[in-house]
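Engineer: sequence first, then the predicted structure:
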Amino acid sequence: MTDQTVAAPVGAPADAYAGPARVLSGVQPSGALHLGNYLGALVKFARLQHEIDTFIFVADLHAITVWQEPAALAQQTREIAAAYLAAGLDPAKATIFPQSAVPEHAELAWIFQCVARLGWLDRMTQFKEKSGKHKERSSVGLYTYPVLQAADILIYKATHVPVGEDQKQHLELTRDIAAKFNHDFSAPNFFPQPDPLIQGPGARVMSLRDGSAKMSKSDPSDYSRINLTDDADAIAAKVRKARTDPEPLPETLEELATRAEADNLVGIFAALDGRTKAEVLAEYAGKGFGAFKPALADLAVEKLAPVGETMRRLLADPAEIDRILAAGAARARDVAAPTVAEVRKLVGFWGA
């Protein structure tokens, strides 16, 4: 695949599962999307749809593990869907849907909660990071959401999942749950052992104000990120004001790696332009940011301003977004419902 690398399987042999290759991923509707989401996920989703059967959902069940304003949640779901479409996802090729519109996700998650072991969840580091010192006041959903994540993946029998460093542990949990279910219910290879798709260039975009911190929608400074809904003027201004150092750009990647802000801006340029960092340095080494930033600003405006314009046009017609999401949910249920029906038989539920 273009800039995706499939990691070696860690469990059963690669040919153990005989079903079709399929990829699944999703984004939570819990705030505005930014450049990091675009480069790290959305453009890669758009590429994958031409290579493999692709399911992309809006993770609204995951979003409510922390408080979401009910009046805003549906609109935030539409905004994520609009971003998918603006980034190039085609609902005729990829199945795009809201997670909560496919109730089988929640049903399979409960069955998996009875398969997963408490010790497995105790080892999940993300809960500790997100709950901090207030673990007792966190929702149970925040603790168990990796099990729902396993259900999201396995309900479609997805064989590949795009992951960043922070999600590798959750994919390992998914593989453990799949293996234990297959073993406990004497159903060899019923669920696949999904493999990670390790993201390539642009997978980790850092803050424009602090090259050591990941770009985030929760950062109080709007100048730390480029939002997908920013217009051309805002995009250019944020690039011009991005934090840098006084030195010209270096000649080697080794030198670049020691300069966090410079490394981030060169990485953004490379990802937006479809080049490597080395190729960008070959053009700009020895030049100062007075020359580099205007070029990056022009490139960012060229690539991102049309995305924002498309999002605003789509959001002006919410009925059309709702139509796309409803059609995607129906397609998703056509795959999810038979999986859950088979699971109910294997578990032994009455009437199955």
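Structural biologist: Thanks, I have the structure now.
Engineer: where do the strands sit along the protein?
Structural biologist: If DSSP state E is used as the criterion, the strands of the chain fall at 5-6, 22-27, 53-58, 95-98, 160-163, 195-198.
Engineer: the ones you listed: lowest mean pLDDT?
Structural biologist: Lowest mean pLDDT within the strands of the chain: strand 5-6, at a mean of 34.
Engineer: closest one to Asp233 among the strands of the chain?
Structural biologist: strand 22-27 (26.2 Å; CB to CB). For glycine as for every other residue, the C-beta is placed from the backbone atoms N, C-alpha and C.
Engineer: just to revisit the earlier point, got JSON lines for the strands of the chain, with mean neighbour count and distance to Pro188 too?
Structural biologist: Listed next are those as JSON lines, based on neighbours: other CB atoms under 10 Å; distance: least, CB to CB, whole Å:
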{"stretch": "strand 5-6", "mean neighbour count": "12", "distance to Pro188": "23"}
{"stretch": "strand 22-27", "mean neighbour count": "23", "distance to Pro188": "19"}
{"stretch": "strand 53-58", "mean neighbour count": "25", "distance to Pro188": "23"}
{"stretch": "strand 95-98", "mean neighbour count": "26", "distance to Pro188": "27"}
{"stretch": "strand 160-163", "mean neighbour count": "22", "distance to Pro188": "21"}
{"stretch": "strand 195-198", "mean neighbour count": "20", "distance to Pro188": "18"}
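Engineer: what's the spacing between the closest residue to Thr244 other than its chain neighbours and Leu35?
Structural biologist: Among residues not flanking Thr244 along the chain, Phe289 sits closest, at 4.6 Å (CB to CB, 6 or more residues apart in numbering). Plainly put, Phe289 is 18 Å away from Leu35 if you go by CB to CB, to the nearest Å.
Engineer: show the pLDDT at Ser216.
Structural biologist: 89.
Engineer: before we move on, what about the one 5 residues further on?
Structural biologist: Taken from the predicted model, the pLDDT recorded for Ser221 is 93.
Engineer: equivalent analysis for Ala8, please.
Structural biologist: 32.
Engineer: repeat for Ala326
Structural biologist: 98.
Engineer: over to Ala18?
Structural biologist: Ala18 carries a pLDDT value of 87.
Engineer: is it true that it touches Asn189?
Structural biologist: Yes. Ala18 is within contact range of Asn189, at 7.0 Å (criterion: CB atoms under 8 Å).
Engineer: more neighbours: these two, which one.
Structural biologist: Asn189 (15 against 7; other CB atoms under 10 Å).
Engineer: dump the residue contacts of that one.
Structural biologist: If you count contacts by CB atoms under 8 Å, 6 or more residues apart in numbering, Asn189 has them with Ala12, Ala16, Tyr17, Ala18, Asn182.
Engineer: got it, and Lys241?
Structural biologist: Contacts of Lys241 by CB under 8 Å, 6+ apart are Leu208, Tyr223.
Engineer: model confidence for it, exactly?
Structural biologist: 96.
Engineer: picking that back up, so between Phe289 and Leu35, which is more surrounded?
Structural biologist: Legend: neighbour count by other CB under 10 Å for Phe289 and Leu35, higher for Leu35 (25 against 20).
Engineer: contacting residues for that one?
Structural biologist: Val205, Met215, Arg225, Ile226, Asn227, Leu228, Ile268, Ala300, Leu304.
Engineer: related to what we said a few turns ago, what's the closest of the strands of the chain to Ala326?
Structural biologist: Minimum separation from Ala326 across the strands of the chain (CB to CB) falls at strand 95-98, 8.3 Å.
Engineer: what lies in contact with the closest one?
Structural biologist: Against strand 95-98 from outside (CB under 8 Å, 6+ apart): 54-58, 60, 77, 81, 84-85, 89, 324-325, 328-329, 331-332, 335.
Engineer: mind doing that once more with 7 Å?
Structural biologist: 54-58, 60, 77, 81, 84, 89, 324-325, 328-329, 331-332 (CB atoms under 7 Å, 6 or more residues apart in numbering).
Engineer: which residue is the nearest non-sequential neighbour of Ile268?
Structural biologist: Spatially, and ignoring its direct neighbours in sequence, Ile268 is nearest to Val205 (6.3 Å; CB to CB, 6+ apart).
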